[in-house]
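Colleague: the sequence and its predicted three-dimensional model are supplied below.
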Amino acid sequence: MSVAESPAQAEAQDVARTPLHTRNIVLQGYRRADGLYDIEGRLRDTKSYDRESHGVNVKAGEPIHDMLLCMTVGSDLVIREVRVESFVVPYSGYCDVAGQDYRQLRGLTIAAGFMRDVRRLVGGTRGCTHLTELIGAVATAAFQTMSIELNASHAQRPFQIDGCYALKADGAIVKAFHPTWYAGKPD
């Protein structure tokens, strides 16, 4: 087993596998000239084999889904605009129409409870499963895109603290790099 392999990966290599499906998600964040940020997520699904899908022959490697979701947000993490483009969808005239409903997300703040509100507004039959799943990744990319600005004030607690195991407030990483915000036992 190599250093980069997990036990599950090493075990899986002992069994022949045939790739069937690939989902690529690319996230990109941009600072705009007007001070806002555009966060784009693009989802592309392909199969490794030729197939017929709803009367259309789809060759191996051709997309069955190819869609983009762009959220425009301010440094306050309030969504100003949502734009959706469906380049390839399996149900033309249906999947691409569902994207119009994502404008309902305008005014939401990316914060605790955000995905609950997203599912209430565009979850299930009110939206597209793929786009709704993509929103969580786009929201996370917003924090990465704006990390310099969000952490610019040393008077405010860095947003990453208590966001994951490594950055728990009482942990060694916070103690070493953000001692002001360390919440563990003093030495």
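Modeller: Arrived safely. Predicted, not measured: the structure shown is a model, and the values here were computed from it.

Colleague: please enumerate the strands of the protein.
Modeller: Counting by DSSP state E, the chain has strands at residues 21-31, 37-47, 51-53, 56-58, 63-73, 79-88.

Colleague: of these, which is nearest D187?
Modeller: Across those, D187 has its closest neighbour in strand 21-31 (38.3 Å, CB to CB). Quick note: C-beta positions are derived from backbone N, CA and C, even for glycine.

Colleague: please list the residues outside the closest one that contact it.
Modeller: Residues outside strand 21-31 that contact it (CB atoms under 8 Å, 6 or more residues apart in numbering) are 37-48, 134, 137-138, 140-142, 144-146.

Colleague: quick check: buried residues in stretch 93-103?
Modeller: C95, D96, A98, G99, D101, Y102 (16 or more other CB atoms under 10 Å).

Colleague: swap that for stretch 43-58, please
Modeller: L43, R44, D45, T46, K47, V58.

Colleague: spatially, which two of those residues are the most separated?
Modeller: Pairwise distances across the buried residues of stretch 43-58 (CB to CB) peak at 16.3 Å, for the pair L43 and V58.

Colleague: how is the protein partitioned into domains?
Modeller: 20-150, 155-187 (automatic domain parsing).

Colleague: most packed of those?
Modeller: A comparison of those by mean neighbour count, using mean count of other CB atoms under 10 Å, puts domain 20-150 on top with a mean of 16.

Colleague: so how far is that domain from its chain's centroid?
Modeller: 8 Å (CA atoms, centre = their mean, to the nearest Å).

Colleague: start and end of that domain, how far apart?
Modeller: 40 Å (CA to CA, to the nearest Å).

Colleague: averaged pLDDT, that domain. What do you get?
Modeller: For domain 20-150, the mean pLDDT works out to 93.

Colleague: could you measure from P63 over to K168?
Modeller: Distance of P63 to K168, computed by CB to CB, to the nearest Å: 40 Å.

Colleague: oh sorry, the question was meant for C95
Modeller: For C95 relative to K168 (CB to CB), the value is 40 Å.

Colleague: again with A183
Modeller: Noted for A183: a distance of 9 Å to K168, by CB to CB.

Colleague: for the residue nearest the centre of the chain, give me its contacts.
Modeller: Residue closest to the average C-alpha location in the chain (CA atoms, centre = their mean): A137, at 0.8 Å. The contact partners of A137, taken as CB under 8 Å, 6+ apart, are I25, L27, G41.

Colleague: again, only using 10 Å
Modeller: Contacts here follow CB atoms under 10 Å, 6 or more residues apart in numbering; on that basis A137 touches I25, V26, L27, I39, G41, L43, L69.
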